[in-house]
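K.L.:
coordinates only, no sequence provided:
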Ligand SMILES: Nc1ncnc2c1ncn2[C@@H]1O[C@H](COP(=O)(O)OP(=O)(O)OP(=O)(O)O)[C@@H](O)[C@H]1O
């Protein structure tokens, strides 16, 4: 079973193809990165994967569920979506561990009193994301980087099969960004980690664990495949329509303009 399968997916709005002829397969065991400039269609594609948008034409199946044959609300419970824009929608006065635990109930849509096992699991996840020290702190007193880690732990609390990390490093300084990326790398090595889809504007954030990359441009797949092959100087210069120099350091692709 493929995790994501798209076949000629197109989405029209206001006479324009926001997504056009997307063919894409995410296979079992693969973590993917998706790179695209502003307005390239990334958010639209994520909304489609999560069943919030329906393609104008083409076929999608996510986690073996073919759209048209599946209850999309059920599908959404198996997908965790962490986006920096979520931060403002949460209760700032909530304690870090309560916020993480609430992830279990957010997707289920009913409130139960969390058990001590739930809190144990939250503690394990906070440890995996290297933010155990936030225990007892209110969410609003955590830095943006710390908040992002808590949001990832919260999403994992629902045991999703697919975890979308959507511009997760937005607003983070260099140190916080590297800290978050390290935690994500560590997470990939942990047992039972879901398939991850890392959406970004920046090539250097594509960690080696993201072995596959999709480049999206103007609603179309520019290229996709093994990260080390997709991220090459000639291809990226053409993709960005500006000459770029590429330097690999610690298996990450650092770009500068030429
Ligand atoms: N409901 C809509 N109606 C009309 N146009 C839309 C709609 N939703 C998205 N678009 C357009 O589709 C294009 C892709 O938007 P999308 O938000 O998916 O891009 P993105 O890659 O996520 O951008 P960013 O990196 O800035 O978040 C944009 O030009 C946007 O204006």
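P.N.:
Received the coordinates, thanks. Being a predicted model, the structure only gives us computed values, none of them experimental. Residues are numbered from 1 along each chain as shown.
K.L.:
list the contacts for the closest residue to residue 65 other than its chain neighbours?
P.N.:
Nearest non-adjacent residue to residue 65, counting by Cβ to Cβ, 6 or more residues apart in numbering: residue 75, 5.3 Å away. Backbone N, C-alpha and C define where each C-beta goes, glycine included. Contacts for residue 75 were tallied using Cβ atoms under 8 Å, 6 or more residues apart in numbering; they are 50-51, 62-63, 65.
K.L.:
and with 10 Å instead?
P.N.:
49-51, 61-65, 67, 161-162 (Cβ atoms under 10 Å, 6 or more residues apart in numbering).
K.L.:
cool, residue 157 as well?
P.N.:
By Cβ under 10 Å, 6+ apart, residue 157 lies in contact with 80, 99-107, 114, 118, 121-122, 125.
K.L.:
what does residue 122 give?
P.N.:
Taking Cβ under 10 Å, 6+ apart, one finds 96-104, 114, 135, 150, 153-154, 156-157 in contact with residue 122.
K.L.:
now, the most widely separated pair of those?
P.N.:
104 and 135 (17.2 Å; Cβ to Cβ).
K.L.:
which one's more surrounded, these two?
P.N.:
residue 104 (19 against 15; other Cβ atoms under 10 Å).
K.L.:
surely that one and residue 154 touch.
P.N.:
Yes - at 8.8 Å, residue 104 and residue 154 qualify as touching, with contact defined as Cβ atoms under 10 Å.
K.L.:
what are the boundaries of the strands in the protein?
P.N.:
Secondary structure of the chain (DSSP state E): strands at 4-13, 16-26, 32-36, 57-62, 65-66, 79-83, 162-166, 195-200, 212-217, 220-226, 244-249, 252-257.
K.L.:
the stretch 1-150 of the chain against the ligand: which residues are in contact?
P.N.:
Within the stretch 1-150 of the chain, the positions adjacent to the ligand are 13-14, 18, 36, 38-44 by Cβ under 6 Å from any ligand atom.
K.L.:
list buried residues within those residues.
P.N.:
Listed as buried from these are 18, 36, 40-44; burial here means 16 or more other Cβ atoms under 10 Å.
K.L.:
how many residues are close by the residue lying closest to residue 60 once chain neighbours are set aside?
P.N.:
Ranked by Cβ to Cβ, 6+ apart and with sequence neighbours excluded, the top spatial neighbour of residue 60 is residue 67, at 4.7 Å. By the other Cβ under 10 Å criterion, the neighbourhood of residue 67 contains 18 residues.
K.L.:
I'd assumed residue 52 was in contact with residue 67.
P.N.:
No - the criterion here is Cβ under 10 Å, and residue 67 misses it with residue 52 at 11.4 Å.
K.L.:
bridging residues for the closest residue to residue 49 other than its chain neighbours?
P.N.:
In this structure, residue 49 finds its nearest non-sequential neighbour in residue 62, 5.7 Å apart by Cβ to Cβ, 6+ apart. Bridge pairing for residue 62 (DSSP bridges) gives the partners residue 4, residue 65.
K.L.:
report the longest helix in the chain, please.
P.N.:
Identified as the longest helix of the chain according to DSSP state H is helix 174-189.
K.L.:
report the angle between that helix and strand 162-166.
P.N.:
Orientation check (axes from the mean of the first three to the mean of the last three Cα atoms, to 10 degrees): helix 174-189 against strand 162-166 gives 170 degrees.
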